[in-house]
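Asker: the following block contains a protein sequence and its predicted model.
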Amino acid sequence: MSCTIRDLQQKEVICINDGARLGFVSDVEIDVENGRLTAVVIPGAYRFMGMFGKEEAFVVRWENIKKIGGDIILVDIPESGRELGRHGY
């Protein structure tokens, strides 16, 4: 299966542990030396009606991605990990 960055941006990321909807992919991280995708980035949620900025972006490492389907990306991230700074899982 091949996929473009635009294709990834149209997929919703869902955690397989509890079914939580984390959001849609906004960006990717690529290891340019090895030519590999290393993570997907999900933008942080807006705070209080979008008036007080956004939470920090959430980075899901490639190792935590379990399945990329037609509409969704399933990831394995413990709920406690999502509360610890929202970056780097």
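Answerer: Great, that's in hand.

Asker: quick one: what helix or strand has D7 in it?
Answerer: For D7, the host element (DSSP states H and E) is helix 5-9.

Asker: what lies in contact with whatever helix or strand comes next after that helix?
Answerer: Per DSSP H and E, the first helix or strand lying C-terminal to helix 5-9 is strand 12-15. Strand 12-15 is contacted by residues 20-25, 40, 42, 60, 71-77, 79, 82 when judged by C-beta atoms under 8 Å, 6 or more residues apart in numbering. All C-beta spots, glycine's among them, are computed from the backbone N, C-alpha and C.

Asker: just the helices in the chain please.
Answerer: Using DSSP state H, the helices assigned to the chain run over residues 5-9, 79-83.

Asker: select from those the stretch with the lowest mean pLDDT.
Answerer: Note on those: helix 79-83 shows the lowest mean pLDDT, a mean of 56.

Asker: list the buried residues of stretch 21-36.
Answerer: Residues of stretch 21-36 classed as buried: 22-25 (neighbour count, 16 or more other C-beta atoms under 10 Å).

Asker: so which of those residues sit within strands?
Answerer: By the criterion of DSSP state E, membership of those in strands covers 22-24.

Asker: quick one: low-confidence ranges for this protein?
Answerer: Applying pLDDT under 70 to the chain flags the ranges 45-55, 79-89.

Asker: now do the strands in the chain.
Answerer: Under DSSP E, the chain gives strands at 12-15, 21-24, 27-31, 36-42, 58-61, 65-68, 72-75.

Asker: what's the angle between the third one and strand 36-42?
Answerer: Same thing as strand 27-31. 160 degrees (axes from the mean of the first three to the mean of the last three C-alpha atoms, to 10 degrees).
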